[in-house]
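Undergrad: Predicted model follows, preceded by the sequence.
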2 protein chains.
Amino acid sequence: MLSFELCARAGAARRGRITTARGTIETPVFMPVGTYGAVKAMSPRELLEAGAQIILGNTFHLWLRPGLAVIERFGGLHRFNGWSSPILTDSGGFQVFSLGATRKIGEEGVRFASPVNGDRLLLTPEVSMDIQKALDSDVAMVFDECTPYQIDGRAATRDEAAGSMQLSLRWARRSREQFDRGANPNALFGIVQGGMFEELREESLAGLTDIGFHGYAIGGLSVGEPKEEMMRILAHTAPRLPDDRPRYLMGVGTPEDLVEGVAAGIDMFDCVLPTRNARNGWLFTRFGDLRLRNARFRDDPRPIEPGCACHACAGFSRAYVHHLQRIDEILGARLATIHNLHYYLGLMRSARDAIEAAATVPGAFEQWRREFAANRARGVV
Amino acid sequence: MLSFELCARAGAARRGRITTARGTIETPVFMPVGTYGAVKAMSPRELLEAGAQIILGNTFHLWLRPGLAVIERFGGLHRFNGWSSPILTDSGGFQVFSLGATRKIGEEGVRFASPVNGDRLLLTPEVSMDIQKALDSDVAMVFDECTPYQIDGRAATRDEAAGSMQLSLRWARRSREQFDRGANPNALFGIVQGGMFEELREESLAGLTDIGFHGYAIGGLSVGEPKEEMMRILAHTAPRLPDDRPRYLMGVGTPEDLVEGVAAGIDMFDCVLPTRNARNGWLFTRFGDLRLRNARFRDDPRPIEPGCACHACAGFSRAYVHHLQRIDEILGARLATIHNLHYYLGLMRSARDAIEAAATVPGAFEQWRREFAANRARGVV
């Protein structure tokens, strides 16, 4: 089950609430990525403390390790990984295409060799739905082909993008059918493809709404295209997504991207940036990004972000986290991840507040956007 | 400052309380090792939750990274690493000798090349005391030479052990003098050396008590000797250590070693076993050790140790921690470390309880030892 209500608007921006069997999700929301079931370096308790409402799991990775037999033994991913709030799973498509030369795409699905043990495997819309059902994710995604921005070093042509989008539509229909056949009690989202071509995006969306999904995602962005291209497709597609369903911008992005997405009417985001960058010493703050391994922080007694209430900033200095990261100590990855997720999740919380405030204070959301941009441009002292 | 009171006895075993400026330590106590200031994979909050009262820091490592200038800027290690309970620091001697061919021992101290940047460095009793003062550790250790069990592939001779022990005694005196010259307000422990020779151990102890320290440690055990040799020297040396001062068995050991040590009258232990082994999937439990990466645990829904109240056992299955460790996910190292430290610290808590119980229930401590051994021998199901 999944329902969605809109609580407030500010221009195209939406303040909503998704209800699932495992609880409600206030939107706009950022979803930390838990590839193998765990958000890297974090415990479920720390995720809740950072304000996470929903996490993402990767179907492809979990299928290979620990494998479905183990997760079925536990009755789903939540009881395996100890995260009892909602989980969204991707379809495995994006990861399987990333395998490059070792995979072969056909009408039926994608054949590939397991990177774990070399087994020949076939991932299809039906298999993806079956895996996601076994994972018991609260939101499943259709199996689709993410049209690459570049093919053989040049931008994908209109014909290539169209062919890929149409294959994805056929797979979306098969995904829906298998989802229904399996009597999956959770939700299924469609994914709009179509590359950098507005009319293909419209055609994809029309096909998806014809099938009917609990929510709609924009796929195939943040895959190497220039920022202007991404913003052009986002601006064109987001307002056309059904107003009464959650809208999800997949794999995006920087704090600036998230704010743009919210302003364009997006409700859900996921990205590895805050977690992956944290482990490399790249910290996100209100006042811009901070490369913590830089020598200038080696004896800096201030917290990562002065004024931040996260566990890392409340208890530790830049100098200490710098030291921990330079010696590759696990706690260094942990504290940086805690901060980055706190920042991302807090950014979405303040976006929600700003959209709500706009109901009584005209311009409140636009003012919030300006302050966000001005603060980020200030730079870390 | 450091004071020690004895609360109860059971045979040679002692139930004591060490008071430092940063709080009291109930003994017998196990001290988790925080090489670079952090106990690997753990946060200070988790250490407290696991029951840690005092942690160990490594002078040699902290001297090299982050370096003294940084720690002095913070006014000591506690304010740098966010651990406000007591810290014991070793002298750096053990680590510098481990460098092997690249170090040169003389009367003055040890010359070596920094493994970080190749700088030529000299570690002496005076330098070690100065570093430990800058770290502001609650318990400093004298700079000594840990007599190796083997030299060039054969057991150290009596002459070699005697020469090494006498050098350590001269360094202990210089350590004490520098400690006093620096007006270090904390405590300094002497270290009994003498290899596998009882009379050398006695000579070392006599020299140390002549100088006078706040506590006495047994060094040079658990350095490759057979278990019987270790137990022979422990049994000979422990009861001869001053009764009114804390007794510390350095670098030891397995759960069985700790129980033997407690029975012999030892108050303090440190060892990397619970933390290092955890990261490799070696779990300690009441019912023996468990190699969690073994395939038989891949779908085991039970906690690491049924009945254990630690955060790992309360919330996660063997199968999940197995999965996390097989994919080298940080949370896998964390949960295993939490469990192992909980086990080690809980073992010392139950030892304290058993010694106290012996005051009213004769034989309670011996019964506790028998139950410990019987449970450990049972094996993990």
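TA: Good, I have the coordinates.
Undergrad: Can you give me the neighbour number for A:R296?
TA: Residues near A:R296, counting by other Cβ atoms under 10 Å in any protein chain shown, number 10. In short, each C-beta sits where N, CA and C put it, glycine included.
Undergrad: Same check on the one 10 residues further on?
TA: Residue crowding around A:P306 was assessed by other Cβ under 10 Å; the count is 13.
Undergrad: Give me the spatial nearest neighbour of it, chain neighbours excluded.
TA: Excluding the flanking residues, the one nearest A:P306 by Cβ to Cβ, 6 or more residues apart in numbering or on different chains is A:C313, at 7.7 Å.
Undergrad: Run through who's touching stretch A:89-107.
TA: By Cβ atoms under 8 Å, 6 or more residues apart in numbering or on different chains, the residues outside stretch A:89-107 that reach it are A:56-63, A:77, A:110-113, A:115, A:123, A:125, A:128, A:131-132, A:135, A:137, A:139-146, A:148, A:167, A:170, A:175, A:191, A:219, A:250-251.
Undergrad: and these, which of them are in strands?
TA: Judged by DSSP state E, strands contain the following of these: A:L56, A:G57, A:V110, A:R111, A:F112, A:A113, A:L123, A:V139, A:A140, A:M141, A:I191.
Undergrad: mind checking the SS state of the residue nearest to the fourth one when sequence neighbours are not counted?
TA: On the basis of Cβ to Cβ, 6+ apart, the spatially nearest residue to A:R111 that is not a chain neighbour turns out to be A:K104, at 4.7 Å. At A:K104, secondary structure determined by DSSP: H, G, I helix; E, B strand; the rest coil is strand.
Undergrad: Now do A:K104 against B:I330, distance only.
TA: As judged by Cβ to Cβ, to the nearest Å, A:K104 and B:I330 stand 34 Å apart.
Undergrad: quick one: which of those two has more around it?
TA: B:I330 (22 against 11).
Undergrad: What helix or strand is the closest residue to chain B within the stretch 151-300 of chain A located in?
TA: Proximity of the stretch 151-300 of chain A to chain B (Cβ to the nearest Cβ) peaks at A:D299, 4.7 Å away. Following DSSP states H and E, there is no helix or strand that holds A:D299.
Undergrad: Would you confirm that it contacts B:E72?
TA: No - look at A:D299 against B:E72 with Cβ atoms under 8 Å: they stay out of range, at 9.3 Å.
Undergrad: Among the contacts of stretch A:89-107, name the buried ones.
TA: Buried members of the contacts of stretch A:89-107, scored by 16 or more other Cβ atoms under 10 Å in any protein chain shown, are A:56-63, A:77, A:110-112, A:123, A:125, A:128, A:131-132, A:135, A:137, A:139-146, A:148, A:167, A:175, A:191, A:219, A:250-251.
Undergrad: who touches A:G194 in this structure?
TA: Residues near A:G194 by Cβ under 8 Å, 6+ apart: A:T147, A:A161, A:A162, A:M165, A:L200, A:R201, A:E202, A:E203, A:S204, A:G220.
Undergrad: sec struct for A:R14, please.
TA: Relying on three-state DSSP, one would call A:R14 strand.
Undergrad: right, and it touches A:E5 too?
TA: No - judged on Cβ under 8 Å, A:R14 makes no contact with A:E5 at a distance of 10.5 Å.
Undergrad: okay, these two: which has more neighbours?
TA: Ranked by neighbour count (other Cβ under 10 Å), A:R14 and A:E5 place A:R14 first, with 23 against 12.
Undergrad: and that one, what is it in contact with?
TA: Applying Cβ under 8 Å, 6+ apart to A:R14 gives the contacts A:L6, A:A8, A:T27, A:P28, A:R247, A:G265, A:D267, A:I355.
Undergrad: 10 Å instead, please
TA: By Cβ atoms under 10 Å, 6 or more residues apart in numbering or on different chains, the contact set of A:R14 is A:4, A:6-8, A:27-28, A:243, A:246-247, A:262, A:264-267, A:352, A:355.
Undergrad: Out of the residues you listed, which are close to chain B?
TA: Among the contacts of A:R14, not one lies near chain B by Cβ under 10 Å from any Cβ of the partner chain.
Undergrad: Looking at the residues you listed, which are in helices?
TA: Using DSSP state H, A:V262, A:R352, A:I355 are the members of the contacts of A:R14 that sit in helices.
Undergrad: count of residues packed around the second one?
TA: Counted with other Cβ under 10 Å, residues neighbouring A:R352 total 22.
Undergrad: shouldn't it be in contact with A:G51?
TA: No - if you go by Cβ atoms under 10 Å, A:R352 and A:G51 don't touch, sitting 11.1 Å apart.
Undergrad: intersection of neighbour lists for the two?
TA: Common contacts of A:R352 and A:G51 (Cβ under 10 Å, 6+ apart): A:E26, A:V29.
Undergrad: those helices in the stretch 51-200 of chain A, which residues are they?
TA: Along the stretch 51-200 of chain A, the stretches classed as helices by DSSP state H, counting those that start in this stretch are A:59-62, A:68-73, A:77-81, A:93-97, A:125-135, A:158-181, A:198-211.
Undergrad: no, scratch that, I was asking about the stretch 201-350 of chain A
TA: For the stretch 201-350 of chain A, applying DSSP H, counting those that start in this stretch gives helices covering A:227-237, A:255-263, A:273-279, A:311-315, A:318-326, A:330-357.
Undergrad: In CSV, list those helices along with mean pLDDT and distance to B:F365.
TA: Shown next, in CSV, are the helices of the stretch 201-350 of chain A (pLDDT from 0 to 100; distance: least, Cβ to Cβ, whole Å):
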stretch, mean pLDDT, distance to B:F365
helix A:227-237, 97, 70
helix A:255-263, 98, 60
helix A:273-279, 98, 47
helix A:311-315, 97, 39
helix A:318-326, 98, 41
helix A:330-357, 98, 37
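Undergrad: Close to chain B: what parts of the stretch 151-300 of chain A are there?
TA: With the criterion set to Cβ under 10 Å from any Cβ, the stretch 151-300 of chain A comes near chain B through A:R279, A:R298, A:D299, A:D300.
Undergrad: Please name the residues that touch the residue nearest to the last one when sequence neighbours are not counted.
TA: Put plainly, it is A:D300. For A:D300, ignoring the flanking residues on the chain, the nearest one in space by Cβ to Cβ, 6+ apart is A:R318 at 4.1 Å. Residues near A:R318 by Cβ under 10 Å, 6+ apart: A:283, A:290, A:292, A:294, A:296-306, A:312, A:380.
Undergrad: ChimeraX command for the buried members of these?
TA: The ChimeraX selection below is limited to those of those classed as buried (16+ other Cβ under 10 Å):
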select /A:283,290,292,297,298,299,300,303,304,305,312,380
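Undergrad: ok, back up a step: let's have the contacts of A:G194 in JSON lines, adding pLDDT, neighbour count and distance to B:G195.
TA: Below are the contacts of A:G194 laid out as JSON lines (pLDDT from 0 to 100; neighbours: other Cβ atoms under 10 Å in any protein chain shown; distance: Cβ to Cβ, whole Å):
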{"residue": "A:T147", "pLDDT": "89", "neighbour count": "26", "distance to B:G195": "72"}
{"residue": "A:A161", "pLDDT": "97", "neighbour count": "24", "distance to B:G195": "76"}
{"residue": "A:A162", "pLDDT": "98", "neighbour count": "20", "distance to B:G195": "81"}
{"residue": "A:M165", "pLDDT": "98", "neighbour count": "24", "distance to B:G195": "77"}
{"residue": "A:L200", "pLDDT": "98", "neighbour count": "21", "distance to B:G195": "80"}
{"residue": "A:R201", "pLDDT": "98", "neighbour count": "23", "distance to B:G195": "78"}
{"residue": "A:E202", "pLDDT": "98", "neighbour count": "15", "distance to B:G195": "83"}
{"residue": "A:E203", "pLDDT": "98", "neighbour count": "18", "distance to B:G195": "83"}
{"residue": "A:S204", "pLDDT": "98", "neighbour count": "32", "distance to B:G195": "78"}
{"residue": "A:G220", "pLDDT": "95", "neighbour count": "31", "distance to B:G195": "70"}
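Undergrad: From start to finish, how long is stretch A:97-104 in a straight line?
TA: End-to-end distance of stretch A:97-104 (Cα to Cα, to the nearest Å): 9 Å.
Undergrad: If you count neighbours, what's buried in that stretch?
TA: Neighbour counts over stretch A:97-104 (16+ other Cβ under 10 Å) mark A:F97, A:R103 as buried.
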